[in-house]
Every structure is written in structure tokens, then in C-alpha cells.
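Undergrad: using only what follows, build the 3D model:
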Amino acid sequence: MHTSRILDYPTSIELTSGNNLLQKNQIPRKDPDEAVRTLGCYIAPNRSSKAQILLQKALHFKKVISSPTVSKVDAYILYSVFFFPSTFYPLGVSQICEKDLEKIASKYLTPSKQQMGLRRTTSNAVIFGPQNLGGFGFPLLSYSLEKQHLRILCGHLRAADKVGMQ
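TA: Numbers count the residues shown, from 1 in each chain. This is a model prediction of the structure:
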């Protein structure tokens, strides 16, 4: 069996770009558990830090929304316009288990309810329920994860690329 250590590999590689063979670009080597931010997503080959990064984002949002200067309207806007879209965007390239998504939601949900003028004991059915039935219509993270995965899959199927043809 062949086992290798990180020290067995170079810390960076040099690549050329286009027809310019004299100018070399240094590409640093990243550990498999080190995430790199790309277009708002943190992508790590072993998917280790995505849930942790979303948890940190939820804790930061909890701190922001718990401020006494945030009004009920501001809390709604902060959640629906800023926090949720920034959390929703990277879910398409994430594989996060239901338990981790619930842990992330638990960090921001109660303070969000309180700042919007609801009791912390208000049923989540009111928060996540459809607007035509009297709910706020906020999406669950788990449904959003599945929705993003399906959106990306449909894009591959429409493009009939290598992923869509498998």
C-alpha cells in the first residue's frame, strides 16, 4: 500500500499561461481541509469546512441582529435581503448533513424571531409556512440545499455537458 504525506509534495507548482512560456505563475498547494473562497463559496476538496464557515456566518448574523438598534423592519430586511441570500448561494456546491443545517439555523432563528417582534416560542411553521396561509415564507436551509442541487443539475442537463450526460 502506498501512503504519502503532505511533506512528500512540493509547496507550490509553476505553470505557464497561454503562449508565454517564459513567464511562470506560482500556484500554491493547499491542504485538503483548507477552504478557498471562490465567488462567495468556500470550497475545500474534502468538504470539511463549509458547515463551519456557515456556522460562523450565522453566529455573526446573530450578533448583528441582536443589536438593540435593529428595528423589526430592519430585522426582516437583514434576514431576507442580506443574510439568507449569502447563506443560500454556496449551498449548491455543498454537501452538508441535515443535523449541521439545523445547528446553523438554531444560531440565527431565535434572535431573528425576537427582533422581528415574535416570541421566541413562535412555531417555526409560522416562519417557514407559505405566505398565502399566513406564514412568512422563509425557506428552510435543508430545502434550499436541495433546491440549489436540483438547479445545478438541471443546468447540466440543459447544457448536455459531461455531468448531464452521465
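
Undergrad: paired strands for the longest strand anywhere in the chain, with orientation please.
TA: What stands out as the longest strand in the chain, according to DSSP state E, is strand 20-28. Strand pairing for strand 20-28, determined by DSSP bridges: strand 12-17 (antiparallel).

Undergrad: wait, isn't residue 130 in contact with residue 139?
TA: No. At 10.7 Å, residue 130 does not count as touching residue 139 under the criterion of CB atoms under 8 Å. From N, CA and C alone the C-beta is placed, and that goes for glycine too.

Undergrad: so the two - more neighbours on which side?
TA: residue 139 (13 against 9; other CB atoms under 10 Å).

Undergrad: next, that one: secondary structure please.
TA: coil (DSSP: H, G, I helix; E, B strand; the rest coil).

Undergrad: give me every residue that touches the most far-flung residue of the chain relative to its centre.
TA: For the chain, the residue at maximal distance from the C-alpha centroid (CA atoms, centre = their mean) is residue 22, at 39.2 Å. In this structure, residue 22 makes contact with residue 16, judged by CB atoms under 8 Å, 6 or more residues apart in numbering.

Undergrad: for residue 145, see how far away residue 98 is.
TA: Between residue 98 and residue 145 the distance is 9 Å, computed by CB to CB, to the nearest Å.
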